[in-house]
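1. Return atomic coordinates for the entry below.
(chains A and B)
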Amino acid sequence: MKIHEYQAKEILARYEIPVTKEVLCYTVAEVKAAAEKLGYPCVVKAQVLTGGRGKAGGVKLARTLADATSAAEAILGMDIKGFKVEKVLVAQGVSFVNEIYAGLTIDRNTKSVVFMASREGGVEIEEVAKDNPDAILKFAIDPDLGITPFVARKIAYALFDDSKLANQAVVMFQKLYQVFIDTDASLVEINPLVITSDGNLLALDGKMTFDDNALFRQPEILALNEPDEDEIKELYAKDKGLSYIRLDGNIGCMVNGAGLAMATMDMIKLYGGEPANFLDIGGSSNPQKVVDAMNLILSDKNVKVVMINIFGGITRCDDVAKGLISALEQIKVKIPIVIRLSGTNSKEGLEILKNANLPIVETMSEAAQMAISLA
Amino acid sequence: MSILVNKNTKLLVQGITGRDGGFHTQKMIDYGTNVVGGVSPGKGGQEVHGVPVFNTVADAVKKTGANTSIIFVPAAYAADAALEASEAGVGLVIIISEGVPTLDMVRITPYLKKNGTKLIGANCPGLMSPGEALVGILPVSIFKKGNIGLMSRSGTLTYEMVYQLTSSGLGQSTCVGIGGDPVAGLYYEELLQMFQDDPDTHAIVLMGEIGGDAEERAAEYIRKHVTKPVVSFIAGQTAPPGKRMGHAGAIISSGTGTAAEKIAAFESAGVQVAKQPSEIPGMLKKLLNL
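-> Residues are numbered from 1 along each chain as shown, chains lettered A, B, ... in the order given. Purely as a prediction, here's the structure:
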């Protein structure tokens, strides 16, 4: 789960990590008032749940009230990667001498929380990661010990030559780790963490994402959730026991199992088609699930054909076939359907579908090719 | 022979009185797995499918000599269940439960390691050595005893692969579902070594997925340590970046973990990568001169 910059910085501030003075605004009038209050220069920043705001023109510096007004007018309502900007953050301008990167995430290899730090912070950090990976230092944190003062010192002295700054960083980094642990985060990032002209550390930006598996024990974090249109669909699906992600193609997919669902999408692409969605209906033959899944697929008007790919493992194919027939009786599907059914009791299942005059094929590749020809 | 589970497996089921735990206990018994006991706090003294239930893992191990435990408890309690098994001296723990918080897995990893407990999962279908033992929720009817070792991050894709192997006459030594979560137990490298050391495994199938760099690391490991033929498939080649495809692991972020990178890494290590799972049996037969 993602949250906005202003929400992340509110959490950081609660842990006494210094952040910029700022005001959240929904209208141009609010931006004007905030700019006047904070003084100039100030920065108007789009609050959207996606990266790359700056490059999309969603972050503007204002030196005067007129600047702030025109920035607010330009940014509010702007579309950034499909996200409409409905609120902006007006932050006090800060003069700084250097930009640092500090972030925590989970490292699959060491199976631990890893602290990432770089002297080369700022908007180009992803390029730094790609072109000069050695410039990003990584420190695996022992989960039993946590980030002890000496570990924080190791990180701090790798980043700062000045002891005063290093001392500030030691305190800040320990708190940053605590935020990560306390909130079940999957990412906590300050980029840039700046050294201000008067020699202090300040978080100019903040980004946090959270482990969806842990939201059940993080009610305060869950309350910050603001699902967008696609995510509302995804949540609806989750509620029905389905896992759905909308894509841009025209072949609707209904598959049991996440890995098989991905492989199905791959197969469609391999033969030159475009999948309209990822949809995992899980391991059950419950007709209601098929109905829900079909409704979800058909709510996407781009879909021209539905490809159903079921591998009967624990659930038997004859049960799945019965479920499919009962589901298709409940909803009238006007576009073609291709069904591929294989695995446990597949003979019996195929027989049932044949008797119901449903188009069936035996292999994934046949199904993909047939779906593409019908799309 | 096989790896990890076999005729000597003495299995404990944690969460045996739950719906899934009970159902799959019966399936495992039917297959011939030696299920020696179950654990369910407060239900000690009962029986489920003829299997004695204990309040704690320590009790169960003392009375039954269990050496392996499979966990079906709700995700919020799964990590603690694994610690309990490890503390009681169980050498192999499999977490089937889906949705275990990542930091719980991070927290238990050092303790299990210190105790020498091997972990598989969470969020996995378990594992199976055909003709020896089923420790998981895999559909037994599609398996056949033989000489292909298989490891996979996904459930049904594993079944799909096994089905095609079996249909082409290629049996399996052991099939392991390692799970799709970001932090999981045994992974490719450890399993590759076990299959390499198992005389009854003649070739290895590795079913990978986008996200992370485990496949790249596996490729490196194969180059250095594996002499048996390995073939692979990568699911999610067309998945859009930044989206979680059901498996928490299957997410591409900031240009790493793409299918193209993984395929390139495998090919440079001499591992053949199939464009679709149905190509794999043919590849194996060629490599094994069958």
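2. Quick check: the residue of chain A nearest chain B.
-> residue A:259 (2.1 Å; Cβ to the nearest Cβ). Heads up, the C-betas are built off the backbone N, CA and C, glycines and all.
3. now for the helix or strand hosting that residue, which elements pack on it?
-> In the assignment (DSSP states H and E), residue A:259 maps to helix A:258-270. Under the contact criterion of 3 or more Cβ pairs under 8 Å, 6 or more residues apart in numbering or on different chains; DSSP states H and E, helix A:258-270 touches strand A:251-255, strand A:277-280, strand A:305-312, helix A:364-374, helix B:156-167, strand B:203-209, strand B:230-235.
4. still on that earlier bit, check the secondary structure at the nearest residue to the residue of chain A closest to chain B once chain neighbours are set aside for me.
-> Spatial nearest neighbour of residue A:259, chain neighbours left out: residue B:154 (2.1 Å); criterion: Cβ to Cβ, 6 or more residues apart in numbering or on different chains. Taking DSSP: H, G, I helix; E, B strand; the rest coil as the rule, one finds residue B:154 in the coil state.
5. so residue B:154 touches residue B:178, yeah?
-> No. Counting by Cβ atoms under 8 Å, residue B:178 is not a contact partner of residue B:154; they are 9.4 Å apart.
6. And the two? Which one has more around it.
-> A count of neighbours by other Cβ atoms under 10 Å in any protein chain shown puts residue B:154 above the other of residue B:154 and residue B:178, at 32 against 26.
7. contacting residues for that one?
-> A:257-260, A:262, B:177, B:180, B:207, B:209, B:235, B:247 (Cβ atoms under 8 Å, 6 or more residues apart in numbering or on different chains).
8. remind me which residues of chain B are low pLDDT?
-> In the predicted model, chain B carries pLDDT under 70 at residues B:241-256.
9. Point me to the residue of it nearest chain A.
-> Counting by Cβ to the nearest Cβ, chain B gets nearest chain A through residue B:154, at 2.1 Å.
10. what's that residue sitting at in phi/psi?
-> phi -120, psi 160 (degrees, to the nearest 10).
11. separation between it and residue A:275?
-> Separation of residue B:154 from residue A:275 (Cβ to Cβ, to the nearest Å) stands at 17 Å.
12. where exactly do the strands run in the stretch 151-290 of chain B?
-> Ranges of strands in the stretch 151-290 of chain B, per DSSP state E, counting those that start in this stretch, are B:172-177, B:203-209, B:230-235, B:272-273.
13. would JSON lines of those with distance to residue A:142 and mean neighbour count be doable?
-> Converted to JSON lines, the strands of the stretch 151-290 of chain B look like this (distance: least, Cβ to Cβ, whole Å; neighbours: other Cβ atoms under 10 Å in any protein chain shown):
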{"stretch": "strand B:172-177", "distance to residue A:142": "28", "mean neighbour count": "27"}
{"stretch": "strand B:203-209", "distance to residue A:142": "28", "mean neighbour count": "26"}
{"stretch": "strand B:230-235", "distance to residue A:142": "33", "mean neighbour count": "26"}
{"stretch": "strand B:272-273", "distance to residue A:142": "36", "mean neighbour count": "20"}
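14. could you redo these as JSON lines and give each row distance to residue B:73?
-> Output for those, formatted as JSON lines (distance: least, Cβ to Cβ, whole Å):
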{"stretch": "strand B:172-177", "distance to residue B:73": "18"}
{"stretch": "strand B:203-209", "distance to residue B:73": "26"}
{"stretch": "strand B:230-235", "distance to residue B:73": "28"}
{"stretch": "strand B:272-273", "distance to residue B:73": "37"}
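15. For residue A:60, find the nearest of those strands.
-> Closest to residue A:60 of those, according to Cβ to Cβ: strand B:203-209, at 40.5 Å.
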